[in-house]
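only the shape, not the letters, is given here:
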């Protein structure tokens, strides 16, 4: 599918906004380069999450480690980089769990969720604007803790893990 016309409404550092005309209707679309989220399982069978301030939500949220793809970067490379930056974990066994549109009503952002198992502990290297607290939850406790999660990518990733583990 292609719109009849597209014009740029705003250019930003992380994303742009375009207005697309589809027949008689116009839609404002946020163009995002894509992102990744990582369901990281440590050697004690715990999922590694991060608690961080999210200004748009006006809240501190418990989330999967995640991040935005850089230009030309493959999703797996982004995922490995983000996991190490936010949690210090590196290496291990990786595989893709899912790809989905985060909010297709107005955002063109494709999210790829990976499972990382058996990663080694290392040093966290946060960016200047990041304030992240690492939290680990036993996989067996996940079903009872889902009510604490308000972030869509995290719910999706954890539900995929729960299904895979038969919980």
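Right, received. Where do you want to start? Nothing here was measured: the structure is a model prediction, and the numbers come from that model.

lowest confidence element among the helices and strands of the chain?
Least confident helix or strand of the chain, by mean pLDDT, DSSP states H and E, is strand 132-138 with a mean of 93.

could you point out which element follows that one?
Downstream of strand 132-138, the next assigned helix or strand under DSSP states H and E is helix 142-145.

so who does the residue nearest to the spatial centre of the chain touch?
Nearest to the geometric centre of the chain sits residue 37, at 3.3 Å (Cα atoms, centre = their mean). Contacts for residue 37 (Cβ atoms under 8 Å, 6 or more residues apart in numbering) come out as 63-66, 79, 111-114, 153-154, 156-157. Where C-beta positions appear, they are placed from N, C-alpha and C, glycine not excepted.

strands of the protein, residue ranges please.
Taking DSSP state E as the criterion, the chain carries its strands at 5-11, 16-22, 25-31, 35-41, 46-54, 59-63, 66-68, 93-101, 107-108, 110-117, 132-138.

buried set for the fourth one?
In terms of neighbour count (16 or more other Cβ atoms under 10 Å), strand 35-41 has its buried residues at 35, 36, 37, 38, 39, 40, 41.

ok, it: who's next to it in the sheet?
strand 46-54 (antiparallel), strand 66-68 (antiparallel), strand 110-117 (parallel) (DSSP bridges).

rounded mean pLDDT for the longest one, please.
Translated: strand 46-54. Strand 46-54 shows a mean pLDDT of 95.

contacts for that strand, please.
Here strand 46-54 has contacts from 39-42, 59-65, 86-87, 89, 130-139, 142, 151, 154, 158, 161, using Cβ under 8 Å, 6+ apart.

buried among these? Make that a PyMOL selection.
Buried residues among those (16+ other Cβ under 10 Å), as a PyMOL selection:
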select buried, resi 39+40+41+42+61+62+63+64+65+86+87+89+132+137+139+142+151+154+158+161
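
list the buried residues for stretch 86-101?
86, 87, 88, 89, 90, 92, 94, 97, 98.

could you give the number of residues near the nearest residue to residue 42 once chain neighbours are set aside?
Among residues not flanking residue 42 along the chain, residue 48 sits closest, at 5.8 Å (Cβ to Cβ, 6 or more residues apart in numbering). Neighbours of residue 48 under the rule other Cβ atoms under 10 Å: 22.

ok, what's across the strand from residue 48?
Per DSSP bridges, the residues bridged to residue 48 are residue 40, residue 136.

for stretch 28-46, how far is the first residue from the last?
With Cα to Cα, to the nearest Å as the measure, the first residue of stretch 28-46 is 40 Å from its last.
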